[in-house]
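Enquirer: One predicted model, sequence on top.
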Amino acid sequence: MLLNLDYQKLAGLISAELRQKPAIREWLSPAQAAVYTGLPEKTLEEYRRKGTGPKFSRVGKHVRYNRRHIDHWLESCADEQTSRTAND
């Protein structure tokens, strides 16, 4: 059995499918981290300066956030809020 494939069409279909599914990036720029957290980029910048935000890395002059570190930081913020409410 011989298959007659149109590779151009197949490549186009695969490409379209990949474009529809957003790539899950492990490392985020400050702008992407701001969208991910729902916080303004300036707030994340202030947290970096104060050392109160999520862990981040520098690659040269570029700041990057690891998604897992952001998730962990957000969970710890929620834990602090819950503890404060319970103690009040």
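Expert: Noted; the coordinates are in hand. Numbers count the residues shown, from 1 in each chain.
Enquirer: so where do the strands sit in this protein?
Expert: Using DSSP state E, the strands of the chain run over 27-28, 57-59, 62-66.
Enquirer: Columns mean pLDDT, distance to residue 35 and mean neighbour count on top of these, output as TSV?
Expert: For glycine as for every other residue, the C-beta is placed from the backbone atoms N, C-alpha and C. Listed next are the strands of the chain as TSV, based on pLDDT from 0 to 100; distance: least, Cβ to Cβ, whole Å; neighbours: other Cβ atoms under 10 Å:
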stretch	mean pLDDT	distance to residue 35	mean neighbour count
strand 27-28	94	8	18
strand 57-59	95	19	9
strand 62-66	96	11	17
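Enquirer: how many neighbours does residue 49 have?
Expert: Neighbour count for residue 49, taken as other Cβ atoms under 10 Å: 9.
Enquirer: just residue 67 next, same as before
Expert: Residue 67 sits with 16 neighbouring residues when counted by other Cβ under 10 Å.
Enquirer: The one 10 residues further on too?
Expert: As a burial measure, the neighbour count of residue 77 was computed by other Cβ under 10 Å and equals 14.
Enquirer: go on, residue 33?
Expert: Around residue 33 there are 23 residues (other Cβ under 10 Å).
Enquirer: again with residue 69
Expert: Counted by other Cβ under 10 Å, the residues lying close to residue 69 total 17.
Enquirer: One more: residue 7?
Expert: Neighbours of residue 7 (other Cβ under 10 Å): 7.
Enquirer: what's the distance between it and residue 75?
Expert: Distance, residue 7 to residue 75, by Cβ to Cβ, to the nearest Å: 46 Å.
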